[in-house]
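K.L.:
quick one, structure for this:
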Amino acid sequence: RGLVGSEMCIRDRYESLQHKKVPSLNELKLWLLRDNTDRLEYDYPDFICFHYAVTLMLHGRAQHYQIGVIAIFGHDNLTNESFNHAINAIITKEGLVYIEPQMDEIFWYKNHAEIQQGSIYEFPLAENPIFVEEIYVIFNY
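P.N.:
Numbers count the residues shown, from 1 in each chain. Alright, predicted model coming up:
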């Protein structure tokens, strides 16, 4: 999964934080309240979900949080409409959680499991469950 097409993924050339902090869910929630990423203006195509996710990742890494960026490609399981989205992921003291950076919503799946290709999930900004066709870790978490 290190390749997208014929190009190397960014994550393959990106070092993990050396002095990372692993927050609790409460610490993460408090930090998100102070962070302003969710208050930035969505401006298609110049500032979209990917930009929110990268901005939140950079803000988090400045606090020594190993926040990653995940790209999800799939479709609405009811309408079959395309779903392409970027979110964040981080390992907390409680386990793996995801963050919807446009609204600071923290969510996770059963036993803090990773999102898997070929499965159906609910996402904060999606009206219906999403069938995940592909998932890419752009920046490690």
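K.L.:
flag every buried residue along stretch 106-125.
P.N.:
106, 108-109, 115, 121, 123 (16 or more other CB atoms under 10 Å). The way it works is simple: take the backbone N, C-alpha and C, and place the C-beta from them, glycine included.
K.L.:
ranges for the strands of this structure?
P.N.:
3-4, 7-8, 68-76, 82-92, 95-100, 105-107, 120-121, 130-139 (DSSP state E).
K.L.:
adjacent strands (with direction) for the fifth one?
P.N.:
So that's strand 95-100. Strand pairing for strand 95-100, using DSSP bridges, gives strand 82-92 (antiparallel), strand 105-107 (antiparallel).
K.L.:
buried residues of that strand, list them for me.
P.N.:
96-100.
K.L.:
and the last one, by the same measure?
P.N.:
With burial defined by 16+ other CB under 10 Å, the residues of strand 130-139 counted as buried are 130-132, 135-139.
K.L.:
could you provide these in TSV, with additional columns for distance to residue 48?
P.N.:
Below are the buried residues of strand 130-139 laid out as TSV (distance: CB to CB, whole Å):
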residue	distance to residue 48
130	17
131	22
132	19
135	18
136	16
137	19
138	14
139	17
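K.L.:
ok, so of those residues, who is nearest residue 26?
P.N.:
Among the buried residues of strand 130-139, residue 139 lies closest to residue 26 (CB to CB), at 24.1 Å.
K.L.:
quick one: that closest one from residue 29, how far?
P.N.:
21 Å (CB to CB, to the nearest Å).
K.L.:
so what's the residue nearest the centre of the chain closest to, chain neighbours aside?
P.N.:
Central residue of the chain (CA atoms, centre = their mean): residue 88, 2.0 Å from the mean position. Nearest in space to residue 88, with sequence neighbours left out and distances taken as CB to CB, 6 or more residues apart in numbering, is residue 99 at 4.1 Å.
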